[in-house]
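Asks: Quick one: sequence and predicted model below, then my questions.
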Amino acid sequence: MPKYDGKEIGNTEGFMVRENMSAYQYHQALQKVQSGELLRLRPGVFAEPATLADTMLDIDVLVPGGVLCMYSAWEHYELTTQIPSAFCIAIPRKRKLVLPEFPPVTLYYWSDHLLEFGTTTAEVHGHKVRVTDLERSVCDAIKYRNKIGLDVCAEILKAYLHRTDRNIAKLIEYAKKLRVAATLKTYLEIGI
């Protein structure tokens, strides 16, 4: 746990969080930000530069209640060769959030029932995060195929169909709930 002026500051796996600090420790952290020894990620959340060397950050600290989705989920499941330029995180539709400059984050605003549907907890680069599950991620690719490009959608679906842990019945069930069942059926019939 980091120490400033001989006192331990509240730490959440490499991040200093305001609610775990005394007023004195918080003041010391703000001074460390000005001197460059700490980075302020968002109001009340601080990290040492060495902590940020790891490209994956604790999503729940930066975006509480967020779900890793889209390109980030596809990369996690190795469904695409594309490397996301930013963390793709889904949050409730009506929520407003101030994001830090680093790391780059792309927010997706989903309704509450879509946010809870088809999510799981996974360990990604040593951090436990909520992420859309495998079948939900594939359905998202089909749903947003015009935004991401048909080639990316085809790559994701092909990669999914070549996996040994695929569950076609679950995929079709999710596709019905996300209203992409007809499109999925067409893609499966033509054998993308």
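Replies: Noted; the coordinates are in hand.

Asks: what sits opposite the residue most central in space within the chain in the beta ladder?
Replies: Nearest to the geometric centre of the chain sits Leu68, at 2.5 Å (Cα atoms, centre = their mean). Note on Leu68: beta-bridge partners by DSSP bridges are Ile89, Val131.

Asks: quick one: contacts for it?
Replies: If you count contacts by Cβ atoms under 8 Å, 6 or more residues apart in numbering, Leu68 has them with Ile59, His76, Phe87, Cys88, Ile89, Ala90, Val124, Val129, Arg130, Val131, Thr132. C-beta here means a position set from N, CA and C on the backbone, and glycine is covered the same way.

Asks: Recalculate using a threshold of 7 Å.
Replies: Shown in contact with Leu68 (Cβ atoms under 7 Å, 6 or more residues apart in numbering): Ile59, His76, Cys88, Ile89, Val124, Val129, Arg130, Val131.

Asks: Quick one: the helices in this protein, in order.
Replies: Assigned by DSSP state H, the helices in the chain fall at 23-35, 59-62, 70-76, 112-116, 134-143, 145-148, 150-161, 168-177, 181-190.

Asks: Let me know which of the ones you listed is the nearest to Val45.
Replies: The closest of these to Val45 is helix 59-62. By Cβ to Cβ, the value is 6.0 Å.

Asks: For the closest one, give me every contacting residue.
Replies: Thr12, Phe15, Leu41, Arg42, Val45, Gly66, Leu68, Phe87, Ile89, Pro100, Val129.

Asks: Ok, stretch 89-96 next?
Replies: 59, 63, 65-69, 97, 105, 107-112, 115.

Asks: Recalculate using a threshold of 8 Å.
Replies: Stretch 89-96 is contacted from outside by 59, 63, 65-70, 72, 97, 105-112, 114-115, 132, using Cβ under 8 Å, 6+ apart.

Asks: Out of the contacts of helix 59-62, flag the one nearest to Leu161.
Replies: Distance to Leu161, by Cβ to Cβ, is smallest for Leu68 among those, at 22.6 Å.

Asks: Lys185 versus the closest one, what's the distance?
Replies: 28 Å (Cβ to Cβ, to the nearest Å).

Asks: number of nearby residues for Thr164?
Replies: If you count neighbours by other Cβ atoms under 10 Å, Thr164 ends up with 4.

Asks: Okay, now the unreliable bits of the chain?
Replies: Residues of the chain meeting the criterion pLDDT under 70: 1-14, 42, 49-58, 101-102, 191-192.
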